[in-house]
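Chemist: one predicted model, sequence on top.
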Amino acid sequence: ATTVTGWDRKELVVPNKNLITEKLLNWSLTNVINRVCISVGASYDSDPDEVRNILMRILTGHPDVMEDPTPLINLEEFGDNSLNFTARFFLANLDRRIGVTHEINTAIVRDFRAANISIPFPQRDLHIKVESGQAALPIMTTRPE
């Protein structure tokens, strides 16, 4: 077996058969450039072009995000509760991947709030039918934690 030590210093024991017959991902074998994908939802009343512009401004303004290849931002899908965007960008090395992800996510929250763009949480409509002669249930509004 071969032992692989990860970023968090956990050791993964991989049977040698798996190294020969399975796929092996090595982020730093010959090239440490790596891509980060961040997904974020915006409310349906948001202007998709404005969302894209904010995300692009955040990415191009961050010193660790590579200019070439250029960051890419797509409106990926129309979700149940939001317009779902994915921001893809490259970092020159793995050293700051976690820190940069935090910084980009924090900037997204801050800049979306400044532009009055909400990041919606899942919502459901609940319809309760009360049969005649039964007491109605009290109405409660809760917000997910």
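Modeler: Yes, it's here.

Chemist: so where is this protein shaky, pLDDT-wise?
Modeler: 6-9, 26-30, 133-145 (pLDDT under 70).

Chemist: quick one: the strands in it?
Modeler: 2-5, 11-14, 34-42, 72-78, 83-91 (DSSP state E).

Chemist: can you add mean neighbour count and give the ones you listed back as CSV?
Modeler: Where C-beta positions appear, they are placed from N, C-alpha and C, glycine not excepted. Listed next are the strands of the chain as CSV, based on neighbours: other CB atoms under 10 Å:
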stretch, mean neighbour count
strand 2-5, 10
strand 11-14, 10
strand 34-42, 17
strand 72-78, 14
strand 83-91, 19
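
Chemist: between those strands, which one is nearest to residue 56?
Modeler: Residue 56 sits nearest to strand 72-78 of all the strands of the chain, at 5.7 Å, using CB to CB.

Chemist: and residue 42, what are its bridge partners?
Modeler: residue 83 (DSSP bridges).

Chemist: got the contact list for it?
Modeler: The contact partners of residue 42, by CB atoms under 8 Å, 6 or more residues apart in numbering, come to 48, 51, 82-83, 85, 112, 117-120.

Chemist: repeat that for 10 Å
Modeler: 48, 50-52, 54-55, 75, 79, 82-85, 108, 112, 115, 117-120 (CB atoms under 10 Å, 6 or more residues apart in numbering).

Chemist: the strands of the chain: which one's closest to residue 61?
Modeler: Closest to residue 61 of these, according to CB to CB: strand 83-91, at 11.6 Å.

Chemist: in JSON lines, list the strands of the chain along with distance to residue 61.
Modeler: Shown next, in JSON lines, are the strands of the chain (distance: least, CB to CB, whole Å):
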{"stretch": "strand 2-5", "distance to residue 61": "35"}
{"stretch": "strand 11-14", "distance to residue 61": "36"}
{"stretch": "strand 34-42", "distance to residue 61": "15"}
{"stretch": "strand 72-78", "distance to residue 61": "14"}
{"stretch": "strand 83-91", "distance to residue 61": "12"}
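
Chemist: brilliant, that's me finished.
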